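Student: My questions are about this predicted structure, shown below with the sequence.
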Amino acid sequence: MKVLIVIPAYNEEEAIGQVIEELNEYVPDFDRVVINDGSLDRTSEVVRSLSVPLINMPFNTGIGSAVQTGYKYALQRGYDVAIQFDGDGQHRADQIKKLIEPILNNEADMVVGSRFLEDTGFHRGIAKAIGLTILAKSISMLVGKRLTDTTSGFRAVNKEVIKFFAEHY
């Protein structure tokens, strides 16, 4: 089973080293690639110093384009599972194996982690909290399942979804 961790990063020189260190600790056998989305800081230099594969976007293309680049990378190299893991340090590497378990057991095509199921210390402003709550409730009604973090950058997908996102993200 080939697993790739896609790490989109924009101006994350402060956090990216710790993110990669935690990934090395908890999932050393999983491959990773950092998609540097036109950072204006030293993100690229930090990633290079850690010998992690790096794709530098020519300018800031936005999170969607950066993530899609990661899915294209995964598709071209034949990965079975791709995990999006934001480069800002807000996600927990010790939860990755739990995140991909339903995919490995063929119970899900995509699994989305949530920052809001328990108090993890992640704080958002009041306006953002209201907006995210409305979005989560609206999408939950549409899909018929309770969703708590519809904008999470911590998600895993199987091979079929990798192909779909590489083409249509």
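Tutor: On my side now, so go ahead. Numbering: from 1, shown residues only.
Student: For the helix or strand containing residue 111, which residues meet the burial criterion?
Tutor: Counting by DSSP states H and E, the element that carries residue 111 is strand 110-112. Of the residues in strand 110-112, those with enough neighbours to count as buried (16 or more other C-beta atoms under 10 Å) are 111, 112. The way it works is simple: take the backbone N, C-alpha and C, and place the C-beta from them, glycine included.
Student: How about stretch 97-106?
Tutor: The neighbour-count check on stretch 97-106 (16+ other C-beta under 10 Å) flags 99, 100, 103 as buried.
Student: pretty sure the last one contacts residue 158?
Tutor: Yes: taking C-beta atoms under 8 Å as the definition, residue 103 is a contact partner of residue 158 at 5.1 Å.
Student: Contacts only, for residue 108.
Tutor: Contact partners of residue 108, counting by C-beta atoms under 8 Å, 6 or more residues apart in numbering, are 102, 158.
Student: let's see 6 Å
Tutor: Contact analysis of residue 108 by C-beta atoms under 6 Å, 6 or more residues apart in numbering lists residue 102.
Student: sec struct for it, please.
Tutor: Using DSSP: H, G, I helix; E, B strand; the rest coil, the structure places residue 108 in coil.
Student: how close does it get to residue 52?
Tutor: Distance from residue 108 to residue 52, counting by C-beta to C-beta, to the nearest Å: 28 Å.
Student: lowest-pLDDT helix or strand in the protein?
Tutor: Considering only helices and strands, the least confidently modelled element of the chain by mean pLDDT, DSSP states H and E is helix 126-143, at a mean of 66.
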